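A.B. asks: build the 3D model from these lines:
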Amino acid sequence: MTPRECRPPCALRLPLASGRLLLASDAFPGLPLTIMPLFVCLFSGGMLLTAQANFKAWNEALATKDHKVVAKMYSPSALSFLPTVSPEHIKSLNGTEAYFYDFVKKNPDGRVTDESVQMYDGGKAYLHTGMYTFMLGSGDARAPLSARFSYMWKDYGGDTGWKITHHHSSVTPGKGAEDPPSAQNQKRIIDLASAAVAMATLAAFAALVAAAKAFMPSKDPAAAPAVASRGVS
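C.D. replies: This next block holds a predicted model:
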């Protein structure tokens, strides 16, 4: 299978080099080369729309906050799932449900910021890659998380339709939401702040004592008045 890449607007990015047309003809066997450029462009543009529609459906599934609804978007039999916030390589429906059970509680809402699509198997599968940003959390704690993504979708036909067979997501270096300090780190911060306040207080007290001593009367023994001694008779 040979991919056909399309980035919007497709008509402006479709290469017309003969070598590229030969590659495209592998994905669409039997089409005359004379109409191949137009057909590939139109079909690729349609595939981009399909990818966008499928992502929208996936994002709406997240909005239901039902982990089973989201998991149904994934293939139950042939899956490679590498989530953003999990160390696991998920390969089963149960694993997918378990991951989204916690993830949907973060109130995720995704928006694609950059994307490209590569077609496979004559349009029966495609690879959707790019960048997306999620809003996560609730209230004042809600924050954006930028990540890179790749989805492989396959059309199983009939009532099954499109399913995700591969999904990889990783936080964009330097653009992810900062993690809040852990309880241990918070305690360290408080202890360091307390120590700094104590040191500043001691320094101020020492300065005050030094200033007070400067104004105290001298106690030099040489300056003290002589006391008459009494003899013993």
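
A.B. asks: quickly run through the sheet partners of the one helix or strand residue 119 maps to, with directions.
C.D. replies: Residue 119 is part of strand 109-120 when elements are defined by DSSP states H and E. Strand 109-120 pairs in its sheet with strand 5-6 (antiparallel), strand 125-136 (antiparallel), by DSSP bridges.

A.B. asks: closest one to residue 49 among those strands?
C.D. replies: Proximity to residue 49 (CB to CB) singles out strand 5-6 among those, at 10.2 Å. The C-beta positions use only the backbone N, C-alpha and C, and glycine is treated the same way.

A.B. asks: looking at the strands paired with strand 109-120, which one is packed in the most?
C.D. replies: Compared across the strands paired with strand 109-120, strand 5-6 shows the largest average neighbour count, a mean of 20 (mean count of other CB atoms under 10 Å).

A.B. asks: about what we covered before: least reliable of the strands paired with strand 109-120 going by mean pLDDT?
C.D. replies: Among these, strand 5-6 carries the lowest mean pLDDT, at a mean of 44.

A.B. asks: picking that back up, in CSV: the strands paired with strand 109-120, plus distance to residue 82.
C.D. replies: Shown next, in CSV, are the strands paired with strand 109-120 (distance: least, CB to CB, whole Å):
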stretch, distance to residue 82
strand 5-6, 22
strand 125-136, 13
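
A.B. asks: so for residue 108, which of the ones you listed sits nearest?
C.D. replies: strand 125-136 (5.1 Å).

A.B. asks: flag every buried residue along the strand holding residue 119.
C.D. replies: For strand 109-120, the neighbour count (16 or more other CB atoms under 10 Å) marks 110, 112, 115, 117-120 as buried.

A.B. asks: could you do stretch 79-90 as well?
C.D. replies: For stretch 79-90, by 16+ other CB under 10 Å, it's 79, 81, 83-84, 90.

A.B. asks: please identify which pair of these lies farthest apart.
C.D. replies: The span of these, defined through CB to CB, is set by 79 and 84 at 16.2 Å.

A.B. asks: in the chain, where is pLDDT below threshold?
C.D. replies: Low-confidence segments of the chain (pLDDT under 70): 1-45, 175-233.

A.B. asks: now do the strands in it.
C.D. replies: Assigned by DSSP state E, the chain shows strands spanning 5-6, 80-82, 109-120, 125-136, 143-155, 162-171.

A.B. asks: for those strands, which one sits closest to residue 66?
C.D. replies: Between these, strand 109-120 lies closest to residue 66; by CB to CB that is 15.2 Å.
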